[in-house]
Every structure is written in C-alpha cells, then in structure tokens.
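Colleague: Based on what follows, work out the 3D shape:
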Amino acid sequence: MHLDDNKILVIGSYNVGLSCESDRVPVWGETLIGKNFSESNGGKGSNQAVAAARLGGNVAFVGCLGDDRFGDEGLSMLENEKVDISGVSRSTEKSTGVGFIFLNSQGENCILVDPGANNDLSPNDVSGLSKIDEADIIICQLENRLDTVKEAMRYAKKLNKTVILNPAPANSEALELLQYATIINPNESELLILSGEEPDAELSVEKCEELATQLLEKGPKAVIVTRGEDGALVVTRDSVVQVPTLKVDVVDTTGAGDSFTGALAVYLAKGRTVEEAVRKASIVGAYCVTKHNVIPGLPTPEELVKFRMQFEEIKTEKVEA
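Modeller: Next up, the predicted model:
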C-alpha cells in the first residue's frame, strides 16, 4: 500500500552500471589495474523511480530498454521494486544503455554513458501519453533525447502537472526546457554549465544564489541546488533557504543526486512544502552516499528512521531574499 494517492511518473533512462575502483582515471593510451568490479542496475530515470518507490511512492516509469539480457534484468528489477513498467518500450535496434563508473578512494566518481536504447524513446512515445495524464508529479532528466524530454515536459505543463527537471547531464541546450519546469534541481557543476560557466569554476553561496536566481527568470518556480556535503540551496522568487545535510563518511557518491530527486518527488506528493521536501530528501541523499552502488543503497522508510536517529536534529536556516 502506498503512502499517498498522488502518482509520480519518471520519464527517463535505464542503464546498466559497470563500476571499477581506481586511484585515478587512465590517460589516453594508458592501462591501469583497477579493483572491485561490479555490475548494477542504474540510469538516472531508473534510479529515481526506484528511490521514490522504495520510500512508498506510487511510481510509474517510462523509458526504452534494449531487447537483451541487460534489458530483461532491468525490467525484472523495476517490477520487483513495485514500479509500474507498463509504459516501457524495447528497442530491437540498440542495446540497453550502459554507464561506465570509475570510483576513487574518496568515493568520488566520474561516469561515461552510452545511452543505447534510451535514444529510441521518441517524442511520439510521450506526446499524449496516458501515463502523464494519470500522474501528479513528472520527473525528467537529460539522458534521453532532448526533443523527447521537451515534448513530455510541454505536455505535462499543459495539464498543470508539477514538473521536476533534474538537468543532468547538463548542457546549455537544456535552457529551453526551463519554461516547462516547475522545479529544477541541478548540482553545482550543472548550475555552472546551465549558466554558461566552466563546470569546475569556484562557486560561493552568493554566486550560487545569483546563478539560481537567473535561472528562475526562465520559468521554474524553484531552483534547488544540491551542494554535496554543504547541503542544498533552495531559491524561489520570495526567499533563499540554506538546507544543511548530515555529515557522514562517504563511501560512494554515485546516485546521490538521483536518490535526492526521487525522495523530493515523494515528499512533495505527500503534501510537504518545497523546503520541507528538500530537508527530508537531503537526508536520503546522505544515507545513499554511505552505501556502495546506487539501488542497493536506496533506503526504505524504516532504514531512514534508524539512520536519522544517529544524528542530532538539523534545522534549516532561512534567509529572506
């Protein structure tokens, strides 16, 4: 039984995650010896769908997987996680998407993605889609074709749905999507890219607020910037709220943003304000980085309660804009 009746639809990617640990990434022409190879279910859309479903959300997933072993295993996993997969299509032309994940000893990652069948999800697959009609909250990312994401968001906004855009992997072309978004939640590097800056540029809180405010002018009602161990910054036309997060020992940052996005949708579906939803989603993100691999590291409500009890109450600091 779901925690609420509000329905969440994730339109996005499914990728198999192939992970390996290494002190650094090899340069061209170099071979390094890694360790602890693992194969796992992934893809931003799939991760977000499972994160939301595991927290009790009523979740459907729309995407395209290859007609191969990876695709079979992906659908089986989603079904086992109680995600509605009736909107998923299969490609006979392309293989299931794959993400190659490199982890260093600090738990930081870099990822190379071959979208594969994700690119076969077309605008025709989502325009007039009954799943959008049925849903209350729509989540999109950028691991599918931009024209497909645009059509899904355009149609969802026309129906007055709450549309969350997780602009990852970020690119400047995604700016045209902001007019259809209710909420966007970039991380710091994604915020910089969307703002025409270098992704590794220094980003103070003040600069973060300035860039987020500029994005607000393009359409969304709220910009939520996830800032890793520094928590999140929630910027609306009325206020700026700094939301701290729990200080944890980081094991693996892969999927932390996806866990946050899925949790954000669940708490909004439960009627929480944006600020309340961000505070709770930040705890989910903190939990996720203490675990290896994404989906095994996504919490249930019971696991989250036990995790939260380890820490003192954290309060949000509100700053009037």
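
Colleague: residue ranges of the strands in the stretch 101-250 of the chain, please?
Modeller: For the stretch 101-250 of the chain, applying DSSP state E, counting those that start in this stretch gives strands covering 109-114, 137-140, 162-165, 183-184, 222-226, 232-236, 239-243.

Colleague: For Lys306, find the nearest of the ones you listed.
Modeller: strand 239-243 (21.6 Å; Cβ to Cβ). (Glycine included, C-beta is placed from N, CA and C.)

Colleague: Report the rounded mean pLDDT for the following helix or strand past that closest one.
Modeller: Per DSSP states H and E, the first helix or strand lying C-terminal to strand 239-243 is helix 256-269. Average pLDDT, helix 256-269: 96.

Colleague: As PDB, could you dump the C-alpha coordinates of helix 256-269?
Modeller: Extracted as PDB, the C-alpha positions of helix 256-269 are listed here (Å, rounded to 0.1, in the frame of the first residue of the first chain):
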ATOM      1  CA  ALA A 256      23.200  10.500  -4.500                       C
ATOM      2  CA  GLY A 257      21.500  13.100  -6.700                       C
ATOM      3  CA  ASP A 258      19.100  10.500  -8.100                       C
ATOM      4  CA  SER A 259      18.100   9.400  -4.600                       C
ATOM      5  CA  PHE A 260      17.500  13.100  -3.700                       C
ATOM      6  CA  THR A 261      15.300  13.700  -6.700                       C
ATOM      7  CA  GLY A 262      13.200  10.600  -6.100                       C
ATOM      8  CA  ALA A 263      12.800  11.500  -2.500                       C
ATOM      9  CA  LEU A 264      11.900  15.100  -3.300                       C
ATOM     10  CA  ALA A 265       9.000  13.900  -5.500                       C
ATOM     11  CA  VAL A 266       7.800  11.500  -2.800                       C
ATOM     12  CA  TYR A 267       7.700  14.200  -0.100                       C
ATOM     13  CA  LEU A 268       6.100  16.700  -2.500                       C
ATOM     14  CA  ALA A 269       3.500  14.100  -3.300                       C
END
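
Colleague: one step back: nearest to Asn6, out of the strands of the stretch 101-250 of the chain?
Modeller: Nearest to Asn6, of the strands of the stretch 101-250 of the chain and by Cβ to Cβ, is strand 137-140 at 6.7 Å.

Colleague: and for the closest one, what are the contacting residues?
Modeller: 6-12, 45, 48, 52, 132, 149, 152-153, 156, 161-166, 177, 261-262, 265, 268-269 (Cβ atoms under 8 Å, 6 or more residues apart in numbering).

Colleague: follow-up on the earlier one: could you say which of the strands of the stretch 101-250 of the chain is packed most deeply?
Modeller: strand 137-140 (a mean of 28; mean count of other Cβ atoms under 10 Å).

Colleague: For the strands of the stretch 101-250 of the chain, please prepare JSON lines with the additional fields mean pLDDT and distance to Leu65.
Modeller: Shown next, in JSON lines, are the strands of the stretch 101-250 of the chain (pLDDT from 0 to 100; distance: least, Cβ to Cβ, whole Å):
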{"stretch": "strand 109-114", "mean pLDDT": "84", "distance to Leu65": "13"}
{"stretch": "strand 137-140", "mean pLDDT": "98", "distance to Leu65": "17"}
{"stretch": "strand 162-165", "mean pLDDT": "98", "distance to Leu65": "22"}
{"stretch": "strand 183-184", "mean pLDDT": "98", "distance to Leu65": "26"}
{"stretch": "strand 222-226", "mean pLDDT": "97", "distance to Leu65": "27"}
{"stretch": "strand 232-236", "mean pLDDT": "96", "distance to Leu65": "31"}
{"stretch": "strand 239-243", "mean pLDDT": "94", "distance to Leu65": "35"}
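
Colleague: quick one, which of those is nearest to Val27?
Modeller: strand 109-114 (13.2 Å).

Colleague: That closest one pairs with which strands, parallel or anti?
Modeller: strand 97-103 (antiparallel) (DSSP bridges).

Colleague: In the strand it pairs with, which residues are buried?
Modeller: Residues of strand 97-103 classed as buried: 97-99, 101-103 (neighbour count, 16 or more other Cβ atoms under 10 Å).

Colleague: Nearest to Arg90 among those residues?
Modeller: Gly97 (12.6 Å).

Colleague: Give me the local confidence score for that closest one.
Modeller: At Gly97, pLDDT is 96.
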